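S.K.: Using only what follows, build the 3D model:
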Amino acid sequence: MRSIERQRPQRRTALSLVLALLAFTVAPPSMAADATAVVTQKLLDGNYSRRGADICLRCHDDTFPFPTAMVFHTVHGQPTHPEAPFAPPADSTPPAGLQCEACHGPIDEHGKQILADDETRQEMLAYGSRGNVETSLQNGMCLNCHEHYGRLHWEGSAHETAGLACADCHQIHAFVDKVRRIGEQVDRCTGCHTDVAADMLKRSAHPLRDSQLTCVNCHEPHGDVGDHLTKHATVNDTCYTCHAEKRGPMLFEHPPASEDCTICHEPHGSNQPALLARRPPQLCQGCHSSAGHRSLPQLTDQLPAGTSVSQFLVGKGCLNCHAEVHGSNHPSGDRLRR
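M.R.: Prediction:
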């Protein structure tokens with residue numbers, strides 16, 4: 001790794017805001033607070049090394065507890081990408097071109113070869129399970145580059161407010177980031193979302209187990225304008241990306257279907273057919289009163305006097321007659337029967 005001249009970078013909005021907040025926040029005494037204070041001050045000072053990764057790789061080689069050199073097989077380690085940390089400084093704008101220090105902060109005193117007997121090595125910014133600083137600082141470093149790549153809604157999102165760090169899901173020093181791999185993404189998400197893992201095993205479920213569908217087909221994990229981190233503004237708009245035949249407007253609409261699919265359906269899995277939340281007619285009778293309706297009887301001898309016996313009326317089979325439950329365009333479809 002050749003030596004390069006470094007300049008103090010012009011920090012972008014996301015990280016600048018985080019540093020300003022951390023600089024004036026009195027944190028409770030803890031290891032994370034101490035490391036956060038050290039790293040924050042180093043980032044504000046901006047004393048970056050001229051030798052870059054050469055200093056880091058003296059210790060952090062392939063014998064280190066995690067494969068540091070694998071970063072050169074990822075987009076972060078590619079010198080041909082103008083916004084990557086290892087891009088040539090002459091062709092990039094900081095923090096691109098700062099190599100390891102673009103993510104881990106200035107080496108400063110951390111790179112000292114000889115330490116006194118009572119001296120400890122200066123803290124560097126670490127991520128994920130080895131994270132030694134507050135989550136907001138970890139994420140601020142990532143958003144310094146990634147905020148404008150579909151991450152504008154991260155602040156205030158469900159994952160951000162839950163204290164999730166980018167490195168809790170993503171693997172940076174890995175040839176393949178598992179959360180971005182179709183065959184492994186679901187396992188990564190259900191490591192936290194155990195209720196979804198249980199729903200996937202029910203008799204009626206979206207094909208997540210077979211990787212025919214992945215979490216990001218419906219959800220935007222970095223936050224979006226819709227509820228439940230859905231990729232579109234409403235649940236229905238998200239469902240319509242696959243179930244386009246259910247999209248209206250219909251001549252005769254069924255209000256729950258046009259309002260919110262999850263009123264009747266469980267999106268991840270159900271023990272009822274067609275992902276239904278409950279078995280008909282209990283599902284239908286949650287809105288529709290059963291008083292006086294001829295589908296009440298379970299047996300033929302319970303039919304009202306003078307009613308002709310019909311197998312379609314027995315057993316409370318609402319869908320035997322009202323088949324078009326999502327809406328109808330038939331001129332005589334006001335009862336959703338055709």
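S.K.: which SS state does residue 183 fall under?
M.R.: Following DSSP: H, G, I helix; E, B strand; the rest coil, we place residue 183 in the helix state.
S.K.: Same question for residue 237.
M.R.: With three-state DSSP as the criterion, residue 237 reads helix.
S.K.: Would you agree residue 151 is in contact with residue 222?
M.R.: Yes. With contact defined as CB atoms under 8 Å, residue 151 reaches residue 222; the gap is 4.9 Å. Any C-beta I mention is one placed from the backbone N, CA and C, and that applies to glycine too.
S.K.: So which residue is smack in the middle of the protein?
M.R.: The chain has residue 221 as the residue nearest its centroid, 1.8 Å off, counting by CA atoms, centre = their mean.
S.K.: what bits of the chain have low per-residue confidence?
M.R.: Within the chain, the stretches with pLDDT under 70 are 1-32, 66, 91-92, 149-150, 289-316.
S.K.: just the CA coordinates of the lengthiest helix in it, formatted as CSV?
M.R.: The longest helix of the chain (DSSP state H) is helix 31-45. The C-alpha coordinates for helix 31-45 follow below in CSV (Å, rounded to 0.1, in the frame of the first residue of the first chain):
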residue,chain,number,x,y,z
MET,A,31,-16.3,1.8,28.4
ALA,A,32,-18.4,2.8,25.4
ALA,A,33,-18.6,6.4,26.7
ASP,A,34,-14.8,6.6,27.2
ALA,A,35,-14.1,5.2,23.8
THR,A,36,-16.7,7.4,22.2
ALA,A,37,-15.1,10.5,23.7
VAL,A,38,-11.6,9.5,22.4
VAL,A,39,-12.8,8.6,18.9
THR,A,40,-15.0,11.7,18.7
GLN,A,41,-12.1,14.0,19.6
LYS,A,42,-9.8,12.2,17.0
LEU,A,43,-12.4,12.7,14.3
LEU,A,44,-12.8,16.4,15.2
ASP,A,45,-9.0,16.8,15.1
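S.K.: And it, what's buried?
M.R.: For helix 31-45, a neighbour-count test (16 or more other CB atoms under 10 Å) marks 33, 35, 36, 37, 38, 39, 40, 42, 43 as buried.
S.K.: what's near enough to touch residue 263?
M.R.: 256, 277 (CB atoms under 8 Å, 6 or more residues apart in numbering).
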